[in-house]
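Participant: here are the coordinates; sequence isn't available:
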């Protein structure tokens, strides 16, 4: 079984590449982030032609997540029960479903913006709600994983230059403690292998030639419970999909399971 996660940074803009990638890779389940469309605008028909069902949590031009599956979509959960709101709205940042033998969440964790910004406190609250939402499945006996754009680099090795990030979000002790809390719930970090260079970065800013200079970060993560982690036969960052015209600023992370 092949499960992947990809922040496409607009599914409308990325649709031709997305469809080609799905067809070429034979992915069974894809967790999508930053759809940047409403549920009504989502390309259900094009995906159905390739054999994918879709569970979508999306409301408009910002955020939005989805699960695409060729192996079934059951027990769909949209959003985090009791999750925090930002400016009076519970943003579309999480969706879960049972896909064949595995239970999967697709998440787009809030960015946080700046350490003293209200969005940063919201980010930490969101992590707490995520931990509560996944705790039961994380402790279960079936393969379970939370995949997506976590907007946190787990360690200093997951950024290209730590000095650039001093005083900034994505690397703070508070954010890394939130990841540690998820691990304490029974999840572990499935670290993918890089297809080039020595570190499995998943995100490179569009600006300042960050991609060709490999000035990246590993913020797209796969956190799986013990049955999931034990079933992993391979995991890699599909760096090739970050190349060329019309690419997202994130690369897909692909995990193969023996289930």
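Facilitator: Yep, it's here. Every value quoted in this text rests on a predicted model; they were computed, and no experiment measured them.

Participant: helices of this structure, start to end?
Facilitator: Taking DSSP state H as the criterion, the chain contains helices spanning 11-25, 44-49, 118-138, 173-184, 226-231.

Participant: quick test: name the residue nearest the centre of this structure.
Facilitator: The central residue of the chain, meaning the one whose C-alpha is nearest the mean C-alpha position (Cα atoms, centre = their mean), is residue 148 at 0.9 Å.

Participant: how about that residue, nearest residue that isn't a chain neighbour?
Facilitator: Take residue 148 and drop its neighbours on the chain: the residue closest to it by Cβ to Cβ, 6 or more residues apart in numbering is residue 107, 3.8 Å away. Using the backbone N, CA and C atoms, a C-beta is placed for each residue, glycine as well.

Participant: same question, residue 134
Facilitator: Taking Cβ to Cβ, 6+ apart, and ignoring the residues beside it in sequence, residue 134 has residue 146 as its nearest neighbour in space, at 5.8 Å.

Participant: the one you found: what's it in contact with?
Facilitator: 104-105, 107, 130, 134, 182, 187, 222-224 (Cβ atoms under 8 Å, 6 or more residues apart in numbering).

Participant: follow-up on the earlier one: which residues touch the residue nearest to the centre of the chain?
Facilitator: Contacts for residue 148 (Cβ under 8 Å, 6+ apart) come out as 5, 7, 31, 33, 65, 105-109, 220-221.

Participant: okay, and the beta partners of it?
Facilitator: Residues found in beta-bridge contact with residue 148 (criterion: DSSP bridges) are residue 107, residue 221.

Participant: ok, it to residue 231 distance?
Facilitator: Note on residue 148: its distance to residue 231, by Cβ to Cβ, to the nearest Å, is 19 Å.

Participant: show me where the stretch 51-200 of the chain has strands.
Facilitator: In the stretch 51-200 of the chain, strands defined by DSSP state E, counting those that start in this stretch lie at 53-57, 65-69, 74-78, 94-99, 102-108, 144-149, 188-189, listed in chain order.

Participant: can you list the neighbours in contact with the second one?
Facilitator: Which is strand 65-69. When contacts are taken as Cβ under 8 Å, 6+ apart, the neighbours of strand 65-69 outside the stretch itself are 11, 22, 28-33, 35, 42, 47, 52-58, 73, 76, 92-97, 99-100, 104, 106-108, 148.

Participant: just the buried subset of the residues you listed, please.
Facilitator: With neighbours counted using 16 or more other Cβ atoms under 10 Å, these contain these buried positions: 11, 22, 28-33, 35, 42, 47, 52-58, 73, 92-97, 99-100, 104, 106-108, 148.

Participant: next, count neighbours for residue 189.
Facilitator: One way to gauge burial is a neighbour count; for residue 189, by other Cβ atoms under 10 Å, it gives 18.

Participant: which residues touch it?
Facilitator: 154, 179, 183, 221-223.

Participant: again, 7 Å this time
Facilitator: Remark: with contacts taken as Cβ atoms under 7 Å, 6 or more residues apart in numbering, residue 189 is in contact with 154, 221, 223.

Participant: nearest to residue 236 among those?
Facilitator: Distances from those to residue 236 were compared by Cβ to Cβ; the smallest belongs to residue 221, at 13.9 Å.

Participant: right, and the closest one touches residue 153 too?
Facilitator: No - applying Cβ atoms under 7 Å as the test, residue 221 and residue 153 come out as separate, 9.4 Å apart.

Participant: more neighbours, these two?
Facilitator: residue 221 (28 against 25).

Participant: measure that one to residue 95 for me?
Facilitator: Taken as Cβ to Cβ, the spacing of residue 221 relative to residue 95 amounts to 17 Å.

Participant: can you check residue 249 too?
Facilitator: Remark: distance between residue 249 and residue 95 (Cβ to Cβ) = 22 Å.

Participant: can you check residue 166 too?
Facilitator: Noted for residue 166: a distance of 34 Å to residue 95, by Cβ to Cβ.

Participant: contact partners for the residue nearest to residue 6 when sequence neighbours are not counted?
Facilitator: If the residues on either side of it in the chain are set aside, residue 6 comes closest to residue 252, at 4.0 Å by Cβ to Cβ, 6+ apart. Contacts for residue 252 were tallied using Cβ under 7 Å, 6+ apart; they are 4-6, 21, 238, 241.
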